[in-house]
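> sequence below, structure please.
(one chain, ligands or ions: 1)
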Amino acid sequence: MANKPILQVINATKRYAGKTVVDRLSFDLYKGEIVGLLGPNGAGKTTTMRMIVGLISITEGDVLVHGHSIKHRYVQAVSHLGGVIENPEFYPFFSGYENLRHYARMYADVSEQRIAEVVALIGLSDVIHKRSDAYSLGMKQRLGIAQALLHKPSLLVLDEPTNGLDPAGIREMRDYFKRIARSEGVAILVSSHLLSEIELMCDRVVIIQNGKLVDTQTVSAPLEDNQASVIAFEVDDPPKARQILAARYPEGADGIVAGTHTVSLPVERERITEILALLLAAQLRIFSVQPVRKNLEDRFLEKTGGNRIV
Ligand SMILES: Nc1ncnc2c1ncn2[C@@H]1O[C@H](COP(=O)(O)OP(=O)(O)OP(=O)(O)O)[C@@H](O)[C@H]1O
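This is a model prediction of the structure:
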């Protein structure tokens, strides 16, 4: 991406009493991107987020928000970010609106119109004048995000925002993130232990373990393995297709798998045409050819050596 990153984490390191919990961690976020911060329990996700939003000091390295160092230009850096790190707390006897109004006083220029804008954006218009202690967990999470968006930050940092939500609530939250990223151009960093959610919600994922970066990758991009990718050929007779391919490639026969609708095998791109020709010559009908993407969980377990997230 050619534009300047909104967030730059540069060799960020956090030590507590000599114990390194975040270790020279570096990654960037760009405008409108939703990036997942993924890692097993104790990997250092919350500590990383706390450093990014300026809640704790950085032992070594730095974090730049909109080019401002959180260490040296704290006020400027913080003015460009919004975060929900712990469960958001509200005045229970105030309505959602009154809570937002109260919080808005912290800033010089949050208009009534801006409050209405964030309320609509996060889908709270119908309940905004109800007392906040009557809100569901999902509504409270959304009110927290609305609050974090009031001053039009360029970066939103959310620690486990889908925690405790039911599947419908999680799906809703995901749609709101996409709306926020699209309509406000905000870069969103979100941590979660729900791998499948990160996969659906994020454009990219930063995987950490023991405070170190183990991988960063685009969720939608095909895997960049050095080995051949696994390609699935959808055919009318997978067992027959398997037989033909195994006869032609006996050395790789073990890797050729016949499913209900497909035959799949690891194959280099240049050889796909050759396989198609073989299948066609055997009078098989071919309906589609697709790379088999490993899901994020497979990739995560591969990268972290089998540590499950929860
Ligand atoms: N204030 C602190 N003092 C000492 N150690 C700490 C402190 N805060 C965090 N740690 C340690 O740092 C490591 C990373 O913790 P952190 O909460 O950042 O991980 P996490 O990836 O968010 O984990 P989880 O998914 O369990 O919330 C843990 O070993 C934790 O015990």
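
> which SS class is the residue of the stretch 101-250 of the chain found nearest the ligand?
Here the stretch 101-250 of the chain gets closest to the ligand at one residue, His193, 5.9 Å apart by C-beta to the nearest ligand atom. Quick note: C-beta positions are derived from backbone N, CA and C, even for glycine. On the three-state scheme (DSSP: H, G, I helix; E, B strand; the rest coil), His193 is labelled coil.

> alpha carbons only: can I get stretch 63-70 in PDB?
C-alpha atoms of stretch 63-70 as PDB (Å, rounded to 0.1, in the frame of the first residue of the first chain):
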ATOM      1  CA  VAL A  63       4.200   3.300  18.500                       C
ATOM      2  CA  LEU A  64       3.300   6.000  16.000                       C
ATOM      3  CA  VAL A  65      -0.300   7.000  15.500                       C
ATOM      4  CA  HIS A  66      -0.700   9.200  12.400                       C
ATOM      5  CA  GLY A  67       3.100   9.700  12.600                       C
ATOM      6  CA  HIS A  68       3.000  10.900  16.200                       C
ATOM      7  CA  SER A  69       5.000   9.000  18.700                       C
ATOM      8  CA  ILE A  70       2.900   7.800  21.700                       C
END
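
> can you pull the buried residues of it?
63-66, 68-70 (16 or more other C-beta atoms under 10 Å).

> hang on, Lys240 packs against Arg285?
No - using C-beta atoms under 8 Å, Lys240 makes no contact with Arg285, being 10.9 Å away.

> which residues are contacting stretch 43-60?
Here stretch 43-60 makes contact (C-beta atoms under 8 Å, 6 or more residues apart in numbering) with 7, 9, 11-15, 21-25, 37-39, 63, 65, 70-71, 74, 77-78, 81, 83, 85, 157, 159, 189, 191, 208-211.

> pull up the residues of the stretch 1-150 of the chain that are close to the ligand.
Residues of the stretch 1-150 of the chain lying close to the ligand (C-beta under 6 Å from any ligand atom) are 16, 21, 39, 41-47.

> dihedrals phi and psi, the spatially most central residue of the chain?
The centroid of the chain falls nearest to Gly36 when counting by C-alpha atoms, centre = their mean (2.4 Å). With angles defined as degrees, to the nearest 10, Gly36 sits at phi -90, psi 140.

> re the thing from before, and Lys240 and Arg285? which has more neighbours close in?
Neighbour comparison, Lys240 and Arg285: the larger count goes to Lys240, with 16 against 10 (by other C-beta atoms under 10 Å).
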